[in-house]
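Student: need a structure here:
(chains A and B)
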There are 2 protein chains.
Amino acid sequence: MAAAVQTVPIVCTHKLDKQFFDSHTEEMRVPKIFRGVDIGACTSKWNAGYLAESLGDAKTTVHVCAEEKLDFITKNFQYKTLEFREYIRRSSRPLGQPLDDYFIDPHEKYYLRSLGEDVRKDTANIHEQHQQIAKDLILPQVFLEKQFFSSVLRIASPCSQLWTHYDVMDNILIQVVGSKDILLFPPEDYPYLYMRGDKSTILDPDNVDPLKYPLYCKTSPYRATLQPGDIIYIPALWFHNVKARDFSVAVNVFWKNLDASFYDSRDVYGNKDLMPAARAQQGVDKAIKTLSTLPAQYKHFFTLKIIAKLQQSLDD
Amino acid sequence: MAAAVQTVPIVCTHKLDKQFFDSHTEEMRVPKIFRGVDIGACTSKWNAGYLAESLGDAKTTVHVCAEEKLDFITKNFQYKTLEFREYIRRSSRPLGQPLDDYFIDPHEKYYLRSLGEDVRKDTANIHEQHQQIAKDLILPQVFLEKQFFSSVLRIASPCSQLWTHYDVMDNILIQVVGSKDILLFPPEDYPYLYMRGDKSTILDPDNVDPLKYPLYCKTSPYRATLQPGDIIYIPALWFHNVKARDFSVAVNVFWKNLDASFYDSRDVYGNKDLMPAARAQQGVDKAIKTLSTLPAQYKHFFTLKIIAKLQQSLDD
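Tutor: Below is the predicted model of the structure:
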């Protein structure tokens, strides 16, 4: 379907500090897996039983979906709020084992992305919201302390798959329990991924209809399979689609790799477009509105003219 | 080079009024030649001697170019102001006959596009500026009187060729003396013509380097050869490249085919982008400037995102 798929390179190292990390990522800004890093006792301790007991009756809001592929565009899932103990029981059940007390479907999938204290204002911080288990985790110091943005706990059912999207901050995904398949695309693939906002409308990148998405074959995808203990670097703006092979527990750490002034202070997910980009887009939205006052043929023509100008600016 | 070239259809008619013209152009808005229309005595009277005598010592500013192809982008020509009598003598000399009193080159080409009384404020009007000869011309009434914008006298040396450009108003080119080859492209060809402003950077559309201009082959050109007395309809936004075969005299009539409020009141040529388009472009220019404050990779990414949005708006 797509052009040759590259494999995300793996760097085996016990020690992962900023200097080492920078030397492997700064120049190229492409995904990389760090394997063998000491991330603490979590890899051995965080089984379903331990997590259920440690996180206990704290409440959490999660995605519940009848299908494997969660789709934010058609919103094929529901949000449910339940106790962690309950969530772990549901999400950790083996593949193929139906649930009696399901919400939507006996084989429904679960996905948790932890949020901040005030979900609208605060970023997720595992050391604040989930101290009980965070103590088992050593976060590699691959950025300056002041750059820290969030540390997100992600717990997923076997075979659950998250939509292809991009974030605006560099981040590392620390795979603690289970394996995950990740498909990544470089930022240059934007025109070929049929994006809506920060999300691709291509729901299943492994089975893409070339008639519906003819440009997809122009993408330059990278593949990786994360094993427990692996840390993958996902550079800002890289599109990624993540599928849990097993019951999966991961911690995703985001940091502001650019000057803090570029980021939208209202962003709690790390996915709001940078401030100058958002301003530019507002200006262009207004331009599109202005063009729509023209008769159709003229609107079309001057839109083409503006596109050509933007394309020229890519080379400036 | 380009895809199949179409031929501009010819309609033979003695009478050309608004109703007849509309019935042949309104639905499709594609170029059309009207042949056999009564445009007055000009076709028989306007030889070089008559024009030199009639227009006499009135001054005019003209293009003088050492090459056949005038190029507004590199400005390979000079402007000279001279008497009409003198201009007609120079521009009407047969091909291959060198000039002794040349400005740049013994074989230099000449091109005159008449201007208004105040060249910065007024539009050209042959009945005002060149009454002496305008009396020989019957302008077909193919638009409402209030829509009239300008009537431009064009006098060109044999083999002189004008750059490919578009105008924003519907117009008819009335070929009075000599033959002209016209190559036209529909507005949809904008992305394939390597435009700068309203002008194509492809100087010789008959010999296009596919390595330099790989998209040119996607154009859908139309060809026409105008004979004395022919009237070609050039719809607004259609790109056109015009080459005189012989000493050529033509009158080009522009009118405001859209509501007058769309047009820039400062436009004296009929080629300033429509007001909403100009406003939209200003907004996008500002957006490009804003994007340029981002680091290169981010600027590139968000420009792609904005281009994708504009492309989506083409389908709206």
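
Student: C-alpha only now, for contacts and for neighbours.
Tutor: Fine.

Student: and residue A:291, what is it in contact with?
Tutor: Contacts of residue A:291 were listed using C-alpha atoms under 8 Å, 6 or more residues apart in numbering or on different chains, and they are A:299, A:302, A:303, B:276, B:277, B:280.

Student: Secondary structure element for residue A:307, which one?
Tutor: Here residue A:307, judged by DSSP states H and E, is contained in helix A:296-314.

Student: can you list contacts of that helix?
Tutor: Helix A:296-314 is contacted from outside by A:288, A:291-293, B:187-188, B:190-191, B:237, B:277, B:281, B:284, B:288, B:300, B:303, B:307, B:310-311, B:314, using C-alpha under 8 Å, 6+ apart.

Student: Of the residues you listed, keep whichever come out buried.
Tutor: Buried by 16 or more other C-alpha atoms under 10 Å in any protein chain shown: A:288, A:291-292, B:187-188, B:190-191, B:237, B:277, B:281, B:284, B:288, B:300, B:303, B:307, B:310, out of these.

Student: from these, which single one is nearest residue B:199?
Tutor: residue B:190 (10.3 Å; C-alpha to C-alpha).

Student: Can you classify that closest one by secondary structure?
Tutor: Under DSSP: H, G, I helix; E, B strand; the rest coil, the three-state class of residue B:190 is helix.

Student: just residue A:184 next, same as before
Tutor: Under three-state DSSP, the three-state class of residue A:184 is strand.

Student: Skip the chain neighbours and tell me the closest residue to it.
Tutor: Spatially, and ignoring its direct neighbours in sequence, residue A:184 is nearest to residue A:240 (4.4 Å; C-alpha to C-alpha, 6 or more residues apart in numbering or on different chains).

Student: burial measure for that neighbour, as a count.
Tutor: By other C-alpha atoms under 10 Å in any protein chain shown, the residues close to residue A:240 number 23.

Student: again, but for residue A:165
Tutor: When neighbours are counted by other C-alpha under 10 Å, residue A:165 comes out with 23.

Student: partners of it in the sheet?
Tutor: Counting by DSSP bridges, residue A:165 is bridged to residue A:199, residue A:240.

Student: my guess is it contacts residue A:196, does it?
Tutor: No: Residue A:165 is beyond contact range of residue A:196, at 9.5 Å (criterion: C-alpha atoms under 8 Å).

Student: Spatially, which two of the contacts of residue A:291 are the most separated?
Tutor: The distance between the two most remote of these (C-alpha to C-alpha) is 11.3 Å, for A:303 and B:276.

Student: Pretty sure residue A:158 sits against residue A:96.
Tutor: No: with contact defined as C-alpha under 8 Å, residue A:158 and residue A:96 do not form a contacting pair (9.5 Å).

Student: Which one's more surrounded, these two?
Tutor: Between residue A:158 and residue A:96, counting by other C-alpha under 10 Å, residue A:158 is the more crowded of the two (25 against 9).

Student: can you list the residues of chain A near chain B?
Tutor: A:187-188, A:190-191, A:237, A:276-277, A:279-281, A:283-284, A:286-288, A:290-291, A:293-294, A:298-308, A:310-311, A:313-314 (C-alpha under 8 Å from any C-alpha of the partner chain).

Student: where does chain A dip in pLDDT?
Tutor: Across chain A, residues meeting the criterion (pLDDT under 70) sit at A:1-3.

Student: Would you map the helices across it?
Tutor: All helices of chain A, identified by DSSP state H, fall at A:18-25, A:42-45, A:48-55, A:84-91, A:126-129, A:131-134, A:275-291, A:296-314.
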